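Student: Quick one: sequence plus predicted model below, questions after.
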Amino acid sequence: MAASALIAAPSRIEAQVKRIRALMEAHRFADALGSAQALCAEVPENRDVLYMIAVSQRYLGRIPEALATLQQLESLHPLYSRLFQERGHCHVALREAEPAIAAFSRAVNLNSALPASWKALQALFRMIQRTGESDLAATQVDALAKLPTEILAAASLFADGELYPAEVIARQYLRKHGTHAEALHLLAKIAMAHGALDDAQLLLESVLGCAPDHHAARYDFVRTLLARNTYANALEELDKLLALEPGNRPFRTAYATALVGLGEVERGIALYRELLAETPAAPELHLSIGHALKSLGRTREAIDAYRAAAALRPDYGDAYWSLANLKTYRFSDDELLRMRGAESARTTAPIDRIPLSFAIAKALEDRAAYAESFQHYERGNALQRVNLCYRADLTERNARLQAGVCTREFFAARAGYGFASAEPIFIVGLPRSGSTLLEQILSSHSQVEGTMELPEVPRIVTELRGREADDAEPRYPPILADLSEEDLRRMGALYLANTRAFRGGKSGGVRHFIDKMPNNFAHIGLIHLLFPNAKIIDARRAGLACCFSNFKQLFAAGQEFTYAIEDIARYYCSYVQLMDHWDAVLPGKILRVQYEDVVADLEGQVHALLRFCGLEFESACLEFYKTERNVRTASSEQVRRPIFTEGLDQWRHFEPWLGPLRAALGPLAERARVEKLS
């Protein structure tokens with residue numbers, strides 16, 4: 001996540017932009033306008049060039065032209081805060097107070113680090129005798145005035161999506177001046193934007209350590225905890241915030257999200273509906289209600305909620321993808337037409353265009369329009385991958401290190417270490433490999449409780465790994481060799497304590513609970529050290545079917561390897577190799593359950609599964625689809641139906657376009673194995 005020490009030389013276009021900016025700083029607006037317009041002919045969609053044209057036009061008194069340029073800029077870059085600030089200045093020049101207020105308000109909503117907009121709002125509100133709002137704007141002006149110039153500039157860059165220069169400025173400031181709460185908070189927000197939640201959490205903990213009354217940082221800390229599924233901790237932080245601002249909508253919304261995450265779904269829905277009654281035109285609340293209803297199996301109500309969200313915002317990509325992600329939903333022709341229109345509109349933001357692409361692909365797949373469907377899956381994946389920083393070599397490096405550290409001799413030397421409990425059952429594998437089905441089967445047993453993809457093993461790994469650059473010599477997994485027997489028992493006890501909040505849904509003396517975080521396959525060595533008596537189940541699916549199913553899936557978070565064919569194939573191969581290693585050094589520890597075998601012989605596989613877990617056979621496990629429990633994965637609707645075979649070979653409809661995937665998987669394409677790790 002650290003910014004590179006090397007900054008590339010500016011391109012010719014960047015050099016031209018810098019020259020025009022210098023002309024503007026020298027108040028040579030006519031020269032700047034001519035140069036910018038000439039450059040615009042070459043790069044007509046360049047944000048900075050269009051902005052400089054508009055500013056120069058305003059200074060030259062050509063206000064209608066400036067407003068027209070800003071309209072063009074908004075159609076291309078609708079979230080650029082400075083265009084709205086500039087529009088506000090134009091309306092001030094025309095002595096139009098209300099449009100100016102609307103423009104400046106939009107600017108600060110997008111980017112709160114704009115002193116000029118806040119000062120303008122302060123003066124405009126005072127002029128029309130809206131004293132309270134003028135005072136609020138003045139408070140913001142004073143707050144920004146207290147910030148170091150560098151951090152103010154970096155915060156503004158961040159708000160407009162320029163993450164790299166913002167990070168460089170913030171890090172340089174910290175190196176020069178030492179700890180500064182706002183600089184650390186900004187780096188945390190940049191980490192959150194990159195999806196580097198480990199870094200974000202550590203940075204936010206540092207902020208709150210030196211500035212415990214920093215409520216914005218505490219709320220971002222809550223957001224990070226929610227993203228990491230650590231809902232109990234999020235509720236603790238929200239209690240502190242709500243004690244100060246009990247009516248705060250974002251805090252209450254986050255509280256509802258945490259309740260749903262902990263399995264208190266009905267309480268969460270009630271709070272969402274309370275918020276919705278206050279603001280019925282809030283599409284994101286309809287979406288959240290839909291997700292909660294879906295987890296309870298109330299599909300009809302979930303569909304109504306998703307449709308309500310889409311009706312309120314026709315380009316709301318997440319609403320349409322949520323419908324597609326039900327897997328059983330079929331879009332009407334009118335809905336497909338609306339999705340196509342929204343996806344192709346120039347004003348649609350990438351955050352909506354991505355899920356729209358996946359939803360359109362699913363609608364076309366259901367219509368057997370496989371060629372066009374594949375094009376949209378490719379488009380959605382390509383757009384999503386731009387936002388990610390996944391590196392396949394780091395995944396493969398971890399697999400090699402695990403094999404090097406976690407040998408048969410290593411485990412033999414630590415026999416008897418860890419926490420003796422056999423409560424957890426770990427289901428690992430790749431997403432879309434049948435792990436939710438296995439969890440539903442097991443949780444139908446009277447002695448087993450289903451939970452979710454628990455965040456506790458990744459949390460322990462983060463703690464062991466510490467803060468390190470991707471290219472540094474890793475502390476984990478080598479640090480496993482340094483853990484004492486007492487360390488491991490303490491960590492095992494903490495795992496059980498921290499996961500207790502996700503359990504308790506079943507009455508009686510339940511003996512086991514399930515942790516189905518799929519990526520835990522990479523940490524089976526750690527799991528065995530923590531819980532030598534725990535059962536581990538590997539949910540396996542044939543390579544082509546599993547990998548393509550992942551390629552078709554837009555995940556809410558994580559699983560960054562799934563957005564490119566090459567990355568998926570490399571990840572699958574690395575997973576199989578590492579599982580072969582665990583089989584070799586921990587013989588009998590892991591039960592491999594092949595998804596295709598479960599579909600072909602449910603009863604036989606259920607008997608084998610229960611025997612492995614030391615459980616008596618119960619017929620309810622064969623009728624898993626009748627189990628009423630909270631299910632929050634992409635397969636939630638599918639596991640509420642009896643086993644069906646039509647999904648096994650869905651990938652074959654797309655076989656003409658899967659040559660690169662088949663080649664990359666090699667013998668693993670259809671239930672073969674690769675050589676074990678050396």
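Tutor: Looks like it came in fine. Since we're looking at a predicted model, the values are computed, not measured.
Student: Please tell me how far the closest residue to residue 612 other than its chain neighbours sits from residue 62.
Tutor: If the residues on either side of it in the chain are set aside, residue 612 comes closest to residue 591, at 4.4 Å by C-beta to C-beta, 6 or more residues apart in numbering. Quick note: C-beta positions are derived from backbone N, CA and C, even for glycine. For residue 591, the distance to residue 62 equals 74 Å [C-beta to C-beta, to the nearest Å].
Student: for residue 128, same thing?
Tutor: Taking C-beta to C-beta, one finds residue 128 at 27 Å from residue 62.
Student: Among these two, which residue is more densely surrounded?
Tutor: The neighbour comparison of residue 128 against residue 62 (other C-beta atoms under 10 Å) goes to residue 62, with 16 against 12.
Student: Tally up the residues packed near residue 423, please.
Tutor: Neighbours of residue 423 (other C-beta under 10 Å): 18.
Student: my read: it touches residue 511, true?
Tutor: Yes: counting by C-beta atoms under 8 Å, residue 511 is a contact partner of residue 423 at 7.0 Å.
Student: where does residue 592 land in three-state SS?
Tutor: Here residue 592 is recorded as strand under DSSP: H, G, I helix; E, B strand; the rest coil.
Student: correct me, but it touches residue 538?
Tutor: Yes: between residue 592 and residue 538 there is a contact under C-beta under 8 Å: 4.6 Å.
Student: Compare those two (neighbour count), which wins?
Tutor: Legend: neighbour count by other C-beta under 10 Å for residue 592 and residue 538, higher for residue 538 (25 against 13).
Student: between the helix or strand where the more buried one lies and strand 590-594, how big is the angle?
Tutor: Using DSSP states H and E, residue 538 falls within strand 535-540. Angle, strand 535-540 to strand 590-594, by axes from the mean of the first three to the mean of the last three C-alpha atoms, to 10 degrees: 30 degrees.
Student: Can you give the strand pairings for strand 535-540, parallel or anti for each?
Tutor: With DSSP bridges as the test, strand 535-540 is paired with strand 424-429 (parallel), strand 590-594 (parallel).
Student: Let me know which of these is tucked in deepest.
Tutor: The highest mean neighbour count among those, using mean count of other C-beta atoms under 10 Å, belongs to strand 424-429: a mean of 26.
Student: Give me the contact list for that strand.
Tutor: By C-beta atoms under 8 Å, 6 or more residues apart in numbering, the residues outside strand 424-429 that reach it are 435, 438-439, 442, 448, 495-496, 499, 512-521, 524, 527, 531, 534-541, 575, 613.
Student: I'd guessed residue 252 sits against residue 271; true?
Tutor: Yes: using C-beta under 8 Å, residue 252 is in contact with residue 271, at 6.4 Å.
Student: Now stretch 42-59: average pLDDT?
Tutor: For stretch 42-59, mean pLDDT is 95.
Student: mind listing what's buried in it?
Tutor: By 16 or more other C-beta atoms under 10 Å, the buried positions in stretch 42-59 come out as 46-59.
Student: so how many other residues sit close to residue 31?
Tutor: 14.
Student: Spit out the contact partners of it.
Tutor: residue 23 are the contacts of residue 31 under C-beta under 8 Å, 6+ apart.
Student: and what of the one 4 residues further on?
Tutor: The contact partners of residue 35, taken as C-beta under 8 Å, 6+ apart, are 16, 19, 20, 23.
Student: try 6 Å
Tutor: With contact taken as C-beta atoms under 6 Å, 6 or more residues apart in numbering, residue 35 is in contact with residue 20.
Student: so how far is residue 254 from it?
Tutor: In terms of C-beta to C-beta, residue 35 sits 48 Å off from residue 254.
Student: same deal with residue 69?
Tutor: 39 Å.
Student: domain ranges for this protein?
Tutor: 12-151, 330-387, 395-541+588-644 (automatic domain parsing).
Student: Please point out the stretch among those with the lowest average pLDDT.
Tutor: domain 395-541+588-644 - the lowest mean pLDDT of these, at a mean of 88.
Student: what's the distance between it and the middle of its chain?
Tutor: 22 Å (C-alpha atoms, centre = their mean, to the nearest Å).
Student: Also stretch 345-357?
Tutor: 17 Å.
Student: swap in stretch 150-166?
Tutor: With C-alpha atoms, centre = their mean, you get 21 Å for stretch 150-166.
Student: what's next to that stretch, contact-wise?
Tutor: So stretch 150-166 is contacted by 80, 81, 111, 113, 169, 170, 173, 182, 183, 186, 190, 193 (C-beta under 6 Å, 6+ apart).
Student: one more time with 8 Å, if that's ok
Tutor: Under C-beta under 8 Å, 6+ apart, the answer for stretch 150-166 is 3, 79-82, 110-115, 144, 147, 167, 169-170, 172-173, 180, 182-183, 186, 189-190, 193-194.
Student: With stretch 560-568 instead?
Tutor: Residues contacting stretch 560-568 (C-beta under 8 Å, 6+ apart): 195, 381-382, 384-385, 388-390, 392, 395, 431, 547, 550-551, 553, 555, 570-571, 660-661, 664.
Student: So which bits of it are buried?
Tutor: Result for stretch 560-568 [16+ other C-beta under 10 Å]: buried residues 560, 561, 562, 563, 564, 565, 567, 568.
Student: Stretch 154-163 now?
Tutor: Using 16+ other C-beta under 10 Å as the test for burial, stretch 154-163 gives 154, 155, 156, 157, 158, 159, 160, 163.
Student: Export the residues you listed to a markdown table and append columns for secondary structure.
Tutor: Converted to a markdown table, these look like this (three-state DSSP):
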| residue | secondary structure |
| --- | --- |
| 154 | helix |
| 155 | helix |
| 156 | helix |
| 157 | helix |
| 158 | helix |
| 159 | helix |
| 160 | coil |
| 163 | helix |
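Student: can you redo these as JSON lines with distance to residue 353 and pLDDT?
Tutor: Output for these, formatted as JSON lines (distance: C-beta to C-beta, whole Å; pLDDT from 0 to 100):
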{"residue": "154", "distance to residue 353": "28", "pLDDT": "94"}
{"residue": "155", "distance to residue 353": "27", "pLDDT": "93"}
{"residue": "156", "distance to residue 353": "25", "pLDDT": "93"}
{"residue": "157", "distance to residue 353": "24", "pLDDT": "92"}
{"residue": "158", "distance to residue 353": "22", "pLDDT": "92"}
{"residue": "159", "distance to residue 353": "21", "pLDDT": "91"}
{"residue": "160", "distance to residue 353": "19", "pLDDT": "89"}
{"residue": "163", "distance to residue 353": "19", "pLDDT": "91"}
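Student: any chance of the residues you listed in TSV, with distance to residue 39 too?
Tutor: As requested, those are arranged in TSV below (distance: C-beta to C-beta, whole Å):
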residue	distance to residue 39
154	26
155	28
156	23
157	22
158	26
159	25
160	20
163	25
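Student: out of those residues, who's nearest residue 373?
Tutor: Relative to residue 373, the closest of the buried residues of stretch 154-163 is residue 163; by C-beta to C-beta it sits at 33.0 Å.
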